[in-house]
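Next comes the sequence, and after it the predicted model I'd like to discuss.
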Amino acid sequence: MASGKEVKKIDRAKELILKNSGLFRCPVCERELGISRSNSLYCSKGHNYDLAKQGYINLLLKQEKGGYDKQLFAARKVISDSGFFDPMRKALSKLIREIGKGEGWSEVRILDAGCGEGSHLAWIWRDLKAKKTGFADLTGVGIDLSKEGIRVAAKEHRDIIWCVADLTKLPLQNQQFDLVLNILSPANYGEFKRVLKEHGILVKLLPTADYLIELRELLFKGTDKELYENDSVKKHFANSFQLVKEQQINYKVLLKEENLEHLIKMTPLTWNADQEKIAMIINSGLKSITVAFDLLVGKK
Ligand SMILES: C[S@@+](CC[C@H](N)C(=O)[O-])C[C@H]1O[C@@H](n2cnc3c(N)ncnc32)[C@H](O)[C@@H]1O
Ligand SMILES: [Zn+2]
């Protein structure tokens, strides 16, 4: 039987979905999804999706086994909680406030496509709620292919709608969002355009060549992986959306000794590294690490 805490989570998720009725569409037949008394989402063709007691919805037809596992999201959460991403989040929140003011947004809906364990969206949602934005309402929706990531998100943050789904086939109705965030994740510009409102905005955050450069050097010195460039990603963005703004975010983070291991676990950079290399990095005494992103803002 579900505990009291779990019941509350599912009720909160249901409340948010009801408030945003008409948001989801069936991943099989693309008809609108409603929500039943027995806590499942359903379409008029009879396809059903249960709301998980942990407070998220799974609209993925075939569960994926990707490289992002429970351990990685746990490590990513420790690094997130240590303030590692805070300057980046602050920059994003400020940018959203500026855009919202310029566009005269009122009832604002934000989608984080590829939200992982959800802490960026939750942080930004809370920051926007705490600041004077002029928004009459603010709804956050986080989707990710990884059930592990969404489970962590739902456990930690109950004010956001969390959904396991594929961003290349979003189970969302057309023209629902003022803003799509796409943070360090793959993109599908056709789908982003479809779910954005007519004047909606896409904000994409991508790593630059300097992101975690100290780790990259230790791992790949002398190989073709030592250098990374994001030109092709930027080009693809500019071919799909009208690029209206580009901004760099650069800072250094002082690493606590115990966080180096979490950092190593959290980044796909180390996925194929052997144990010897990992031990070498841990023993390297790395004290400070570079965080460097490009922020791209696009209109349809
Ligand atoms: C590097 S992680 C970034 C996660 C989060 N945005 C962050 O910055 O912490 C990339 C994320 O993209 C997700 N992802 C990859 N392909 C996806 C797809 N087709 N649909 C939804 N999410 C996807 C992964 O599961 C993973 O959580
Ligand atoms: Zn259906």
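Noted; the coordinates are in hand. Numbering: from 1, shown residues only. Ligands and ions are numbered 1, 2, ... in the order given.

Let me see the contact set for whichever residue of the stretch 101-250 of the chain sits closest to ligand 2.
As assessed by Cβ to the ion, ligand 2 sits closest to residue 171 within the stretch 101-250 of the chain, at 9.9 Å. In short, each C-beta sits where N, CA and C put it, glycine included. Counting by Cβ atoms under 8 Å, 6 or more residues apart in numbering, residue 171 touches 24, 25, 26, 27, 33, 59, 163, 165.

residue contacts, the second one?
If you count contacts by Cβ under 8 Å, 6+ apart, residue 25 has them with 31, 32, 33, 43, 171, 172, 173.

Can you check what pLDDT the model gives it?
On pLDDT, residue 25 comes in at 98.

hmm, back to that, buried ones from the contacts of residue 171, can you make that a PyMOL selection?
Listed next is the PyMOL selection for buried residues among the contacts of residue 171, using 16 or more other Cβ atoms under 10 Å:
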select buried, resi 24+25+26+27+33+59+163+165
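
For the chain, identify the residue most remote from the centre.
What lies farthest from the middle of the chain is residue 222; by Cα atoms, centre = their mean that is 32.8 Å.

now it, what's its secondary structure?
Under DSSP: H, G, I helix; E, B strand; the rest coil, the three-state class of residue 222 is coil.

Residue 282 against residue 264, yeah?
Yes - in this structure, residue 282 is within contact of residue 264 by Cβ atoms under 8 Å, at 7.2 Å.

Comparing these two, which residue is more hemmed in?
Set side by side, residue 282 and residue 264 show more neighbours around residue 264, with 21 against 13, by other Cβ atoms under 10 Å.

any idea which helix or strand carries the more buried one?
Using DSSP states H and E, the element containing residue 264 is helix 259-266.

List the beta-bridge partners for residue 113.
residue 143 (DSSP bridges).

so how far is residue 166 from it?
As judged by Cβ to Cβ, to the nearest Å, residue 113 and residue 166 stand 10 Å apart.

more neighbours, the two?
Ranked by neighbour count (other Cβ under 10 Å), residue 113 and residue 166 place residue 113 first, with 28 against 19.

List the contacts of that one.
Here residue 113 is in contact with 143, 167, 170, 180, 181, 182, 185, 187, 188, 191, 192 (Cβ under 8 Å, 6+ apart).

filter the residues you listed down to the ones close to ligand 1.
167, 185 (Cβ under 6 Å from any ligand atom).

List buried members of the contacts of residue 113 by neighbour count.
For these, a neighbour count by 16+ other Cβ under 10 Å gives the buried set as 143, 167, 170, 180, 181, 182, 185, 187, 188, 191, 192.

excluding its backbone neighbours, what's nearest the fifth one?
When the adjacent residues along the chain are set aside, residue 181 lies closest to residue 112, with 4.6 Å between them (Cβ to Cβ, 6 or more residues apart in numbering).

got a list of what the one you found touches?
Contacts of residue 112 (Cβ under 8 Å, 6+ apart): 118, 120, 121, 140, 141, 142, 143, 180, 181, 182, 183.

hmm, 10 Å instead?
118, 120-122, 124-125, 140-144, 153, 160, 162, 179-183, 185, 203 (Cβ atoms under 10 Å, 6 or more residues apart in numbering).

From those, which land in strands?
Judged by DSSP state E, strands contain the following of the contacts of residue 112: 140, 141, 142, 143, 144, 162, 179, 180, 181, 182, 183, 203.

what two of those residues have the greatest distance between them?
Farthest apart among the ones in strands among the contacts of residue 112 by Cβ to Cβ are 162 and 203. That separation is 19.6 Å.

If you count surrounding residues, which of the two has more?
In this view residue 162 and residue 203 are compared by other Cβ under 10 Å, and residue 162 has more residues nearby, 33 against 21.

hey, what's that one bridged with?
residue 142.
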